[in-house]
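**Q** Everything below, folded, please.
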Amino acid sequence: MKSNSYLWYILLAAVFFSCGDDESTVETIRDGLDYLPLKIGTFREYDISTTEYSLDGTVVEETYQLRVEIAEKFQNQEGGETFVIHRQRREESNQEWGSDRVWSARYEEGAAIVIEENVPFVKLSLPVFEGAMWDGNALNTQQGDDYLLTDVARPFSLSDGTLFDNTLTVLQEDNNDYIVALDRRKEVYAKDIGLIFKESTQLDFCSTPECVFSPDTVINTGFIYKQQLFSHGKL
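**A** Numbering: from 1, shown residues only. The predicted structure follows:
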């Protein structure tokens, strides 16, 4: 979401001042680290589907499976620990996993951070509580992007019926503009597991008069990405 970081500080102030008056009014779930656990030897496997729209009208759809494993850790320059995440991919479930890329993650004071393609994103602000807001791009050079924490400690069901009793949702953007550009992104994390669901839809629409008054929405360019957990465990 468009950065509006001062709201985050207002929310923090409201939480801390209200704690002294009525602790029950503050929905705080410990520190929240167990929603993005970093433990060596743990793995998660996902079904991935993507749809890419090009300006020439080409639409490319793809499905594959992704495996992420926390393989090792090392001490970083800040004195903390950085965890190395091996990502593997296969096109079909009966194939062997093949090496894809290496990401990493770490905890800092007040944040859980994942480095994707050498770009750090603040995935969670800690402690977690309903309505928390923070800039997911605070540690990189991209435009500010406010994330909103919702549905803390609530159940979430995947499309295959798998139910997770204790999850939280990070709403990264919820722009429902079907005229110019649609941007909807969210990630769902389950306690003691980590990321279980991710959905990102970013589409640019044709906005000429002919397109606007057409009964059908015309997509110029864009990308739809869905990621859903099907297995997890520890080696």
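
**Q** residue contacts, the most centrally placed residue in the chain?
**A** Central residue of the chain (Cα atoms, centre = their mean): Glu187, 3.6 Å from the mean position. Glu187 makes contacts with Lys123, Thr169, Val170, Gln172, Leu195, Phe197, Lys198, as judged by Cβ atoms under 8 Å, 6 or more residues apart in numbering. The C-beta positions use only the backbone N, C-alpha and C, and glycine is treated the same way.

**Q** shouldn't the fifth one be in contact with Val188?
**A** Yes: the pair formed by Leu195 and Val188 meets the contact definition of Cβ atoms under 8 Å, at 7.3 Å.

**Q** Check the gap between Leu55 and Gln77 for me.
**A** Distance, Leu55 to Gln77, by Cβ to Cβ, to the nearest Å: 42 Å.

**Q** Comparing these two, which residue is more hemmed in?
**A** Each of Leu55 and Gln77 has its neighbours counted (other Cβ atoms under 10 Å); Leu55 has more, 10 against 6.

**Q** Which helix or strand contains that one?
**A** Using DSSP states H and E, Leu55 maps to neither a helix nor a strand.

**Q** same deal with the one 5 residues further on?
**A** When secondary structure is defined by DSSP H and E, Val60 falls within strand 59-75.

**Q** continuing past that strand, what's the next helix or strand?
**A** As assigned by DSSP H and E, the chain's next helix or strand after strand 59-75 is strand 81-90.

**Q** partner strands of that following strand, parallel or antiparallel?
**A** The sheet places strand 81-90 alongside strand 59-75 (antiparallel), strand 98-108 (antiparallel), with pairing taken from DSSP bridges.

**Q** got JSON lines for those strands, with mean pLDDT, mean neighbour count and distance to Ile179 too?
**A** Putting the strands paired with strand 81-90 into JSON lines (pLDDT from 0 to 100; neighbours: other Cβ atoms under 10 Å; distance: least, Cβ to Cβ, whole Å) gives the following:
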{"stretch": "strand 59-75", "mean pLDDT": "98", "mean neighbour count": "14", "distance to Ile179": "21"}
{"stretch": "strand 98-108", "mean pLDDT": "95", "mean neighbour count": "15", "distance to Ile179": "35"}
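
**Q** now those strands in a markdown table, with distance to Pro37?
**A** Listed next are the strands paired with strand 81-90 as a markdown table, based on distance: least, Cβ to Cβ, whole Å:
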| stretch | distance to Pro37 |
| --- | --- |
| strand 59-75 | 9 |
| strand 98-108 | 10 |
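
**Q** Let me know which of those is the nearest to Ser231.
**A** strand 59-75 (8.6 Å; Cβ to Cβ).
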